[in-house]
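In: sequence? don't have it. structure:
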């Protein structure tokens, strides 16, 4: 459980405000209103004598440019911030739905500010944009030249829907309607604005731990479902509020993760401040996490979602804001910082991504590299074009090319590459070494020899000196397809492998997070005898339904939609019956996870996002990246740039380009 924070009462002290550079930058934004951002530190006076680090966002500040609480007025689903419905009895599976309240409402008043404009007040403090700003925003959305992907898709489908005499929302199945109702119940509000969804909403859970918080990685499928539904306010709120939580403070035992770190999660709390009860945002940067590991993937997902918001809604003004540009560059600077590592891939510790417990993925796990690659591609398109950004864009381009070559050349494994590794010579010392990473052939596991089909292959889970992780990691491979980190031929081969090993990787519930599971002494050594990561459970070979939306997107990109439809059909039959669990156990995913939370939000959101992607292929195409030939051209140039840049064998351009 998270310890109680200590509030710094003297928050107006100039020495404190001097560190709040991000706040000052935000106040300079053209799209912002002038107001103070009060942040409270869980610290005593001197940072060198702090027992507990972190910070809490005061509920009295205004988030610049946030929309009003008109969120949820869609005719298809009412997503109001004050819940009026209770869990009833499911018409599908006879499930008793009883939700805990997630509504943090309080009184809202209006008054006139010094400029004569009407503003919304919460407990006497400014929390929402002026009425004039909201009118301007509405006019911009109607009269602007830019048309969102959602509007374009609606125009394309309008005549077809009218001919059929029915609306899209009326085509929803009972399972989808139930999932939308559950997603609405999971909403979290802050200052009367919806800002995210809790990780799980199981009313029978006596120890929610941090499952009652809003996680950045967990919210991504929820955000996509909302965007595809036409509900964009909650996503915009989420992006802006999490931006304000971005780290510039020391967190764990006086060791700083560096400026730009995004929190793993945050929670809305009601606290006494100056004798008044007010809402605050309490972020977790890893200081309360299991193992105290900082989240590497949070900032990468935030960048990806920021671009997805612009593509689907057509509103690129959010990306252009000064505070958003500053936060974006802070994440990039954190990721692109030079270090001792020689590889273009990101070096991270165990537990710093979706697999957030010890599983032997320290080093350069594929999941982080795929997210890093897609985040760099997204950021390159969003970084403002000016003199100050030229060097940054150039650095992004160089890193993209190097990372693309590195993953495609060294992480790829098929029958041919496996046979090559089998014949590796070791202890090679030269620039022209074939076995660059000194991999010993005996590392090839026996299960792998007959598991890879002749027309299939996949990207290794990890690569570092004298170590190849031959496990198949689902998210990293799927996101490599979505982001075009792999070649088109490799992408097809990955889906061929999944189809050929459907029983192992999908079974009775999609999809295995990794395969195979660690067992016996290997499990004890690598996981530290983790009782939650026992073989074929949780991260150790468990099945996670939330991976369904990434699988759907990858299949649609490669014109293999039938695979996605098959997996979605499996999930639709079972998930409501099992109360939307977090994960499944056993090799074939036959049992609900022994410690799985029920009504897991990203389980139902992943299902909804998958269904909506299949219904809206035009919108789905906005969420993947096609092959970038500029990156490939730079990739080839890297092979000949200098005598010190050599591939592991004769440069195979087809491996890079095809």
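Out: Done, it's in. Just so we're clear, the structure is a prediction, and the values are computed from it rather than from any experiment.
In: in this protein, what spans have low per-residue confidence?
Out: Where the chain drops to pLDDT under 70, the residues are 1-170, 249-253, 255-257, 635-658.
In: if you set the cut-off to 80 instead, what comes out?
Out: In the predicted model, the chain carries pLDDT under 80 at residues 1-171, 248-258, 634-658.
In: Could I get the contacting residues of the nearest residue to residue 497 once chain neighbours are set aside?
Out: With CB to CB, 6 or more residues apart in numbering as the criterion, residue 497 has its nearest non-adjacent residue at 3.4 Å, and that residue is residue 456. Where you see a C-beta, it was placed from the backbone N, CA and C, and this is true even at glycine. The neighbours of residue 456, taking CB atoms under 8 Å, 6 or more residues apart in numbering as the test, are 414, 493-494, 496-497, 500.
In: got it, and residue 266?
Out: 196, 213-214, 241-242, 245, 281-284.
In: Looking at these, which two lie furthest apart in space?
Out: 241 and 284 (14.3 Å; CB to CB).
In: Going along the chain, name the strands of the stretch 351-500 of the chain.
Out: Along the stretch 351-500 of the chain, counting by DSSP state E, counting those that start in this stretch, strands occupy 412-413, 458-459, 462-464, 467-469, 472-473.
In: The stretch 101-250 of the chain now?
Out: For the stretch 101-250 of the chain, the strands defined by DSSP E, counting those that start in this stretch cover 108-112, 118-122, 125-126, 187-190, 193-197, 214-215.
In: Contacts for the last one, please.
Out: Put plainly, it is strand 214-215. 188, 195-199, 238, 264-268.
In: change it to 6 Å
Out: 188, 196, 199, 265-266 (CB atoms under 6 Å, 6 or more residues apart in numbering).
In: Okay, and residue 572 sits in which element?
Out: For residue 572, the host element (DSSP states H and E) is helix 561-574.
In: neighbouring contacts of the helix or strand following that helix?
Out: Sequence-wise, the next helix or strand downstream of helix 561-574 (DSSP H and E) is strand 584-585. Applying CB under 6 Å, 6+ apart, the external contacts of strand 584-585 come out as 509, 536-537, 543, 591, 593.
In: ok, those residues vs residue 429, which is closest?
Out: The nearest member of these to residue 429, counting by CB to CB, is residue 536 at 41.7 Å.
In: Report the separation between that closest one and residue 587.
Out: 5 Å (CB to CB, to the nearest Å).
In: Settle it for me: which of those two has more neighbours?
Out: A direct count of neighbours by other CB atoms under 10 Å for residue 536 and residue 587 places residue 536 higher, at 23 against 16.
In: Let me see the contact set for the more buried one.
Out: Residue 536 makes contact with 517, 585-587, according to CB under 6 Å, 6+ apart.
In: Run a quick neighbour tally on the residue lying closest to it once chain neighbours are set aside.
Out: Leaving aside its sequence neighbours, residue 536 sits nearest to residue 517 (CB to CB, 6+ apart; 4.7 Å). For residue 517, the neighbour count with other CB under 10 Å is 22.
In: now the contacts of residue 536 as CSV including distance to residue 355?
Out: Formatted as CSV, the contacts of residue 536 follow (distance: CB to CB, whole Å):
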residue, distance to residue 355
517, 13
585, 16
586, 19
587, 18
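In: where exactly do the strands run in the stretch 551-658 of the chain?
Out: Secondary structure of the stretch 551-658 of the chain (DSSP E, counting those that start in this stretch): strands at 584-585, 591-592.
In: picking that back up, PyMOL command for the buried members of the contacts of strand 584-585?
Out: In PyMOL syntax, the buried subset of the contacts of strand 584-585 is picked out as below (16 or more other CB atoms under 10 Å):
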select buried, resi 509+536+537+543+591+593
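In: quick one: the nearest residue to residue 511 once chain neighbours are set aside from residue 387, how far?
Out: Spatial nearest neighbour of residue 511, excluding adjacent residues (CB to CB, 6+ apart): residue 547 at 4.4 Å. Per CB to CB, residue 547 is found 42 Å from residue 387.
In: and these two? which has more neighbours close in?
Out: Here residue 547 and residue 387 are compared on neighbour count by other CB under 10 Å; more neighbours surround residue 547, at 24 against 6.
In: just checking, that one is part of a strand?
Out: No. Per DSSP: H, G, I helix; E, B strand; the rest coil, residue 547 lies outside any strand segment and is helix.
In: I'd like the distance between it and residue 354.
Out: Using CB to CB, we find residue 547 at a distance of 9 Å from residue 354.
In: ditto for residue 472
Out: To residue 354, residue 472 is 15 Å away according to CB to CB.
In: More neighbours: these two, which one.
Out: Taking neighbours as other CB under 10 Å, residue 472 and residue 354 compare with residue 472 leading, 27 against 23.
In: Show me what the more buried one is bridged to.
Out: Residue 472 has these beta-bridge partners by DSSP bridges: residue 515.
In: Just confirm it contacts residue 517, I think it does.
Out: No. With contact defined as CB atoms under 6 Å, residue 472 does not reach residue 517; the gap is 11.4 Å.
In: Save the contacts of strand 584-585 as JSON lines, and put in distance to residue 361 too.
Out: Shown next, in JSON lines, are the contacts of strand 584-585 (distance: CB to CB, whole Å):
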{"residue": "509", "distance to residue 361": "23"}
{"residue": "536", "distance to residue 361": "17"}
{"residue": "537", "distance to residue 361": "17"}
{"residue": "543", "distance to residue 361": "18"}
{"residue": "591", "distance to residue 361": "25"}
{"residue": "593", "distance to residue 361": "20"}
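In: Report how many residues lie close to residue 552.
Out: 27.
In: what's near enough to touch it?
Out: Residue 552 neighbours (CB under 6 Å, 6+ apart): 564, 610, 613.
In: Just the closest of the residues you listed to residue 233, please.
Out: Relative to residue 233, and with distances defined as CB to CB, the nearest of the contacts of residue 552 is residue 613, at 21.1 Å.
In: so what's the closest one up against?
Out: 552, 620.
In: And stretch 434-443, what's buried?
Out: So for stretch 434-443, counting by 16+ other CB under 10 Å, buried means 435-436, 439.
In: Tell me the one among the residues you listed nearest to residue 203.
Out: residue 439 (50.2 Å).
In: Setting aside sequence neighbours, what's the nearest residue to the closest one?
Out: residue 468 (5.4 Å).
In: Widest-spaced pair of the contacts of strand 584-585?
Out: 509 and 537 (13.3 Å).
In: Give me the neighbour count for residue 633.
Out: 11.
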